[in-house]
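Trainee: Take a look and give me a structure for this.
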Amino acid sequence: MAQVLIIMGSKSDLPVAEKAAAILKRFGIGYEAAVASAHRTPSRVESLVKGSGADVFIAIAGMAAALPGVVASFTAKPVIGVPVSGKMTLDAVLSIVQMPPGIPVAAVGLDRGDNAAILAAEMISLGDAHVAAKLADYRREMADKVAKDSEEVSLNV
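Mentor: Reported below is the predicted structural model:
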């Protein structure tokens, strides 16, 4: 069963979803992905969300970026919104971060499907020691890379 459902507002959001998928695979978290538009196929969005057994939803959308809020309206489970950069970048960001009281959506940076997946993994890790251990390893790898980069820079200055 998928622990995370990734919903894209359109197929053009696939590169952002692929970033999320790569991280979820790395942490051994099951996921499914689908395309459903908050405006063009609202009943599809509702059906996907209500029919899902996912623990966390990642909703990726550009333009008016209503998808994360619509997903959140159909579930009490965590929803992570990923705004997609483009002609209406500010609209996409504000549509996700300015949700009304009572229907929160977590937000990550523009095109940061990877950060959405890490946040989903952190949520899942609260009840899954295996995912928690993989997250700890991931953080150590990042720290090691920074230390190595620092050594390389200091040797070249």
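Trainee: max-length helix in the chain?
Mentor: Counting residues, the longest helix found in the chain (DSSP state H) is helix 129-156.
Trainee: Check the offset of that one from the chain's centre.
Mentor: Put simply, helix 129-156 sits 22 Å off its chain's centre (C-alpha atoms, centre = their mean, to the nearest Å).
Trainee: quick one: buried residues of it?
Mentor: For helix 129-156, a neighbour-count test (16 or more other C-beta atoms under 10 Å) marks 131-132, 134-135 as buried. All C-beta spots, glycine's among them, are computed from the backbone N, C-alpha and C.
Trainee: again, but for stretch 91-107
Mentor: By neighbour count on 16+ other C-beta under 10 Å, the buried set for stretch 91-107 is 92-93, 95-96, 99, 105-107.
Trainee: Show residues contacting stretch 113-123.
Mentor: Contact partners of stretch 113-123, identified using C-beta atoms under 8 Å, 6 or more residues apart in numbering, comprise 3-4, 6, 16-24, 27, 29, 55-56, 58, 60, 78, 80, 82, 106, 108-109, 131, 134-135, 138.
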